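Trainee: Sequence and predicted structure are below.
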Amino acid sequence: MILALLSSAPAARAFMHSRKVSPLLPPSASLAQAATTTHRKIAPVSLPSSSESRLYSVPSTPFDDGKSPFEITTPIYYVNDKPHIGHAYTSLACDVIARYMRHSGRDVFFLSGTDEHGQKVETTAKNAGMDPQSFCDEVSQSFRDLLTLLNVSNDDFIRTTESHHKEAVQHLWKTLMDKGAIYLGSYEGWYSVRDECYYNESELVDGKAPTGAEVEWVKKEDSYFFKLSDYEDKLLEYYESHPDLLAPASRKNEVVSFVKGGLKDLSISRTTFDWGVPVPGDDDHVMYVWIDALTNYMSALGYPNMEEGSKFDKYWPASLHIVGKDILRFHAVYWPAFLMAAGLPLPKRIFAHGWWTKDGEKISKSLGNVIDPVDLVETYGVDPTRFFLMAEVNFGSDGDFSDEKMIYKINANLSNELGNLNQRIMTLVFKNCNKAVPVEMGELTDADKEILATAASLRERTGTAISTQSIHEYVQHMVSMVWDANKYIDVQAPWVLKKTDTERMNTVLYVLMEVMRHVAILYQPLMPTSSNVILDQLGVPENEREFEHLEKEECKILPGREVSKPKAVFPRGCPIDVARSYILGSNLSDPPFCERLPTSCLGASETDTKGFLRNGQSESNTPFATTANMSCGRLDGRGYEVSNLQPSDDSLHVMGSRLTIADGGDNRASELAAADSTKRGASSSDEIEHLRAKAPQRSCRRRVPIFSFLASSSGPKG
């Protein structure tokens with residue numbers, strides 16, 4: 001064995017002359033390093049100044065130098081109801097960017113919070129039989145809990161009912177008053193309580209706000225006004241001189257068009273309710289919710305303390321506000337105007353993302369199709385949920401959610417490609433390399449060098465994407481890298497090399513481990529938990545997982561380090577409730593289903609909702625589609641049927657449950673059993689018992705996870 005050969009110094013020197021231990025280790029690496037089975041102890045790395053190295057930076061842009069302290073914010077979420085998918089989406093986008101910047105060595109301040117004042121909150125609390133503060137305490141906590149559940153790494157969570165925030169808002173008000181930007185007048189016009197927004201008559205669509213919200217006529221009442229009309233030209237000039245302030249371009253065009261349409265002075269106080277920040281010196285008025293809410297971005301930094309060395313001095317102006325497109329006007333028009341009037345710097349970048357629909361329909365309570373992010377996490381897991389929401393849609397565009405899309409993407413990109421690749425690599429290393437990183441290796445081939453170069457360029461490519469908020473491109477780069485690695489392992493076939501050329505097998509496996517080190521480190525912003533599981537399996541020390549370590553020779557995978565038996569990171573499968581909806585409710589004659597789903601998932605026609613399978617045919621005697629190639633994640637023509645579903649079986653995984661697939665033939669029925677009876681309900685249990693009584697018991701010849709086939713693609717086999 002190699003370790004035995006190195007038991008003496010002469011032997012070690014002779015071995016070094018006769019064989020290259022690792023083609024990827026630096027020349028100064030010792031054989032003791034190569035053979036050790038324990039983690040290296042790395043001295044703490046001191047942060048260089050921005051001019052010393054680009055290790056601690058991301059690619060610069062016209063709006064960000066890529067290395068200065070970085071404040072990123074979600075909008076503060078309105079507490080009139082519990083969180084939904086939109087809140088999760090915005091928070092996750094900010095989290096991915098914040099984590100990427102931190103891993104790049106930047107000093108990041110990531111802020112989220114809740115907006116707790118206004119007429120809508122006061123009314124909702126009253127309808128709930130609660131005082132406004134108690135109501136806000138309860139709902140605000142649900143947003144905190146969501147961030148924790150999603151593993152969001154915000155540095156602060158601000159609430160507009162906090163005393164220091166109220167003081168900051170009142171200071172800003174006084175500043176605007178002193179500069180002559182506010183005056184007392186009277187207001188009447190259209191107002192949307194849901195949007196907390198005033199609308200001109202010309203903006204209404206069929207008597208409603210552009211967002212579809214109901215509007216009400218506010219009778220003439222005293223109100224303080226902000227001189228927004230004074231800032232029409234100033235804003236247009238600023239947009240022109242700072243073309244990257246607003247993104248994406250389509251949203252910027254909307255804002256510019258709105259401002260060019262003419263700005264009227266903005267009512268910024270109300271007297272008809274009192275749940276808000278009192279106007280300084282006039283307790284009959286409370287501030288309009290947006291001048292209150294927008295100030296949170298500064299109050300969280302200690303504003304009005306703007307002294308040198310203060311938190312405000314360090315992080316303001318904010319590097320990036322990420323908001324939904326429905327509140328862009330407030331951030332792109334009102335907020336810059338307030339700051340201009342107060343003589344304060346404007347944020348560097350405001351990015352507005354799109355909305356989600358569900359199965360092609362607008363999400364609304366009335367349709368009963370609201371997507372609860374808590375349910376997504378409970379069903380699919382944290383990291384798969386994070387991955388899907390960031391990968392499915394071009395960030396900035398609208399997106400459509402369906403369980404089918406989510407299952408497909410999780411199975412295709414995570415289970416079949418990333419998870420299976422890691423499992424194949426680590427299993428081969430564990431079984432064929434003495435349960436340790438390969439030591440005895442040969443020279444690198446052109447194919448080795450090519451994939452290592454692709455991995456080495458991954459940081460630059462993903463950094464460019466993140467710097468411009470192109471989160472979908474960041475994910476695409478990562479998925480593409482995994483695809484290349486799958487192609488490489490299939491072409492190199494180390495399972496064949498172990499019989500013909502163990503040295504070449506070792507080299508291939510080492511190259512793959514090094515590629516996976518890059519992949520796992522750079523996937524941390526998106527899937528922090530799963531990425532670190534992979535890094536653990538690769539044996540990468542916890543203090544060598546920042547982006548700077550990607551470029552350090554001494555941080556490459558260490559030959560000889562022990563590895564443990566790998567475990568699946570992304571088990572393939574789908575939630576039982578989702579699978580059941582297909583098995584019991586699918587129309588077999590629907591071509592899209594026949595093309596994408598295995599016969600086991602096509603349990604019944606529309607007229608046969610009990611889910612019985614009759615000799616491989618539907619109620620209408622339409623044969624199941626069985627022509628697809630199983631190597632691509634589909635059936636292989638043998639006509640499998642669902643025959644049994646069992647919990648706690650190590651041979652299959654269906655998101656915590658097990659599914660047995662049997663050969664088609666004389667099966668007369670399918671048996672469906674719940675893995676989690678507490679989630680199924682009495683009606684499901686009754687139906688299961690009915691099916692169980694009807695289904696004959698047969699031994700099964702094949703076991704596969706339900707919907708593992710849904711991940712069909714032309715990519716490399718797992």
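Mentor: On my side now, so go ahead. Numbers count the residues shown, from 1 in each chain.
Trainee: which intervals of the stretch 101-250 of the chain have sub-threshold pLDDT?
Mentor: Applying pLDDT under 70 to the stretch 101-250 of the chain picks out residues 193-198, 219.
Trainee: which residue ranges form the helices in it?
Mentor: According to DSSP state H, counting those that start in this stretch, the stretch 101-250 of the chain carries its helices in the segments 119-127, 132-149, 163-178, 232-241, 249-260.
Trainee: before we move on, what about the stretch 351-500 of the chain?
Mentor: With DSSP H, counting those that start in this stretch applied, the stretch 351-500 of the chain shows helices at 373-380, 382-391, 403-409, 420-432, 446-456, 458-467, 471-492, 494-500, listed in chain order.
Trainee: what angle do the fourth one and helix 471-492 make?
Mentor: Read it as helix 420-432. Using axes from the mean of the first three to the mean of the last three Cα atoms, to 10 degrees, the inter-axis angle of helix 420-432 relative to helix 471-492 is 40 degrees.
Trainee: same deal with the first one?
Mentor: Angle, helix 373-380 to helix 471-492, by the same axes, to 10 degrees: 10 degrees.
Trainee: Point to the residue nearest the middle of the chain.
Mentor: The C-alpha lying nearest the average C-alpha coordinate of the chain belongs to residue 386 (Cα atoms, centre = their mean; 3.1 Å).
Trainee: So that one is in contact with residue 92, correct?
Mentor: Yes: under the contact definition of Cβ atoms under 8 Å, residue 386 touches residue 92, with a separation of 5.6 Å. The way it works is simple: take the backbone N, C-alpha and C, and place the C-beta from them, glycine included.
Trainee: anything in contact with each of those two?
Mentor: When Cβ atoms under 8 Å, 6 or more residues apart in numbering defines a contact, the residues bordering residue 386 and residue 92 alike are residue 150.
Trainee: before we move on, back to that, would you turn the helices of the stretch 351-500 of the chain into TSV with mean pLDDT and distance to residue 263?
Mentor: Rendered in TSV, the data for the helices of the stretch 351-500 of the chain read as follows (pLDDT from 0 to 100; distance: least, Cβ to Cβ, whole Å):
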stretch	mean pLDDT	distance to residue 263
helix 373-380	94	36
helix 382-391	97	35
helix 403-409	92	41
helix 420-432	96	55
helix 446-456	97	50
helix 458-467	97	32
helix 471-492	97	32
helix 494-500	96	66
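Trainee: looking at these, which is buried most?
Mentor: Ranked by mean neighbour count, these are led by helix 382-391 with a mean of 23 (mean count of other Cβ atoms under 10 Å).
Trainee: Does anything pack onto that helix? Which helices or strands?
Mentor: helix 85-103, helix 373-380, helix 403-409, helix 471-492, helix 528-538 (3 or more Cβ pairs under 8 Å, 6 or more residues apart in numbering; DSSP states H and E).
Trainee: Helix 471-492 and that one, what's the angle between them?
Mentor: Taking the same axes, to 10 degrees, helix 382-391 and helix 471-492 form an angle of 110 degrees between their directions.
Trainee: among the helices of the stretch 351-500 of the chain, which is nearest residue 70?
Mentor: Checking those against residue 70 by Cβ to Cβ gives helix 458-467 as the closest, at 10.7 Å.
Trainee: neighbouring contacts of that closest one?
Mentor: Counting by Cβ under 8 Å, 6+ apart, helix 458-467 makes contact with 58-61, 64, 66, 96-97, 100-101, 104, 471, 473-474, 477-478, 481, 518-519, 522, 525, 547, 550-551, all of which sit outside it.
Trainee: Buried only: go through the residues you listed for me.
Mentor: When neighbours are counted using 16 or more other Cβ atoms under 10 Å, these contain these buried positions: 58-59, 64, 66, 96-97, 100-101, 104, 471, 473-474, 477-478, 481, 518-519, 522, 525, 547, 550.
Trainee: that older thread, a markdown table for the helices of the stretch 101-250 of the chain, including mean neighbour count and distance to residue 568?
Mentor: As requested, those are exported to a markdown table (neighbours: other Cβ atoms under 10 Å; distance: least, Cβ to Cβ, whole Å):
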| stretch | mean neighbour count | distance to residue 568 |
| --- | --- | --- |
| helix 119-127 | 18 | 45 |
| helix 132-149 | 18 | 23 |
| helix 163-178 | 18 | 46 |
| helix 232-241 | 14 | 50 |
| helix 249-260 | 15 | 41 |
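Trainee: Adjacent strands (with direction) for whichever strand or helix holds residue 71?
Mentor: Secondary structure here is read from DSSP states H and E; on that basis residue 71 sits in strand 70-73. Looking at strand 70-73 with DSSP bridges, its partner strands are strand 108-115 (parallel), strand 320-324 (parallel).
Trainee: Highest mean neighbour count out of the ones you listed?
Mentor: strand 108-115 (a mean of 24).
Trainee: For it, report the contacting residues that lie outside it.
Mentor: By Cβ under 8 Å, 6+ apart, the residues outside strand 108-115 that reach it are 69-79, 91, 94-95, 98, 101-102, 136, 139-140, 143, 147, 152-160, 289, 292-293, 296-297, 300-301, 311, 315.
Trainee: Go ahead and build a ChimeraX selection from the buried members of those residues.
Mentor: For selection in ChimeraX, the members of the contacts of strand 108-115 meeting the burial criterion (16+ other Cβ under 10 Å) are listed in this command:
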select :70,71,72,73,74,75,76,77,78,79,91,94,95,98,101,102,136,139,140,143,147,152,153,154,157,158,159,160,289,292,293,296,297,300,301,311,315
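Trainee: Between the two ends of stretch 266-286, how far is it?
Mentor: Separation of the first and last residues of stretch 266-286 by Cα to Cα, to the nearest Å is 15 Å.
Trainee: got the buried residues for it?
Mentor: Counting neighbours by 16+ other Cβ under 10 Å, one finds that the buried residues in stretch 266-286 are 266-270, 273, 275-279, 285-286.
Trainee: Out of the residues you listed, flag the one nearest to residue 320.
Mentor: So of the buried residues of stretch 266-286, ranked by how close each gets to residue 320 (Cβ to Cβ), first place is residue 266, at 24.9 Å.
Trainee: tell me the pLDDT at that closest one?
Mentor: As predicted, residue 266 sits at a pLDDT of 93.
Trainee: give the contact list for it.
Mentor: By Cβ under 8 Å, 6+ apart, the neighbours of residue 266 are 198, 225-226, 228, 288, 334.
Trainee: give me the beta-bridge partners of it?
Mentor: residue 226.
Trainee: any idea how far it is from residue 338?
Mentor: Per Cβ to Cβ, to the nearest Å, residue 266 is found 9 Å from residue 338.
Trainee: Contacts only, for the residue nearest to residue 133 when sequence neighbours are not counted.
Mentor: Distance criterion Cβ to Cβ, 6 or more residues apart in numbering; nearest residue to residue 133, sequence neighbours excluded, is residue 161 at 6.6 Å. By Cβ under 8 Å, 6+ apart, residue 161 lies in contact with 116-117, 133, 136.
Trainee: Go through those and name the one nearest residue 243.
Mentor: residue 117 (34.3 Å).
Trainee: was I right about that closest one contacting residue 290?
Mentor: No: counting by Cβ under 8 Å, residue 117 stays clear of residue 290, with 10.1 Å between them.
Trainee: Please name the nearest non-neighbouring residue to residue 232.
Mentor: Distances taken as Cβ to Cβ, 6+ apart place residue 263 nearest to residue 232, at 4.5 Å, with adjacent residues excluded.
Trainee: burial count for that neighbour?
Mentor: For residue 263, the number of neighbouring residues by other Cβ atoms under 10 Å comes to 20.
Trainee: Pretty sure residue 262 sits in a helix.
Mentor: No: secondary structure assignment (DSSP: H, G, I helix; E, B strand; the rest coil) places residue 262 in coil, not in a helix.
Trainee: sorry, back to before: was I right to think the residue nearest to residue 232 contacts residue 229?
Mentor: Yes: using Cβ under 8 Å, residue 263 and residue 229 qualify as a contacting pair, with a distance of 5.1 Å.
Trainee: Can I get the one helix or strand residue 520 maps to in CSV, CA atoms only?
Mentor: Applying DSSP H and E as the criterion places residue 520 in helix 502-523. What follows is helix 502-523, C-alpha atoms only, in CSV (Å, rounded to 0.1, in the frame of the first residue of the first chain):
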residue,chain,number,x,y,z
THR,A,502,-6.2,1.7,-11.8
GLU,A,503,-3.8,4.7,-12.1
ARG,A,504,-6.1,6.3,-14.7
MET,A,505,-9.1,5.5,-12.6
ASN,A,506,-7.5,7.3,-9.7
THR,A,507,-6.8,10.3,-11.8
VAL,A,508,-10.3,10.5,-13.1
LEU,A,509,-11.8,10.2,-9.7
TYR,A,510,-9.5,12.8,-8.3
VAL,A,511,-10.4,15.2,-11.1
LEU,A,512,-14.1,14.6,-10.4
MET,A,513,-13.6,15.3,-6.7
GLU,A,514,-11.9,18.5,-7.5
VAL,A,515,-14.6,19.6,-9.8
MET,A,516,-17.2,18.7,-7.2
ARG,A,517,-15.3,20.8,-4.7
HIS,A,518,-15.8,23.8,-7.0
VAL,A,519,-19.5,22.9,-7.6
ALA,A,520,-20.3,22.5,-3.9
ILE,A,521,-18.5,25.6,-2.7
LEU,A,522,-20.2,27.7,-5.4
TYR,A,523,-23.6,26.1,-4.8
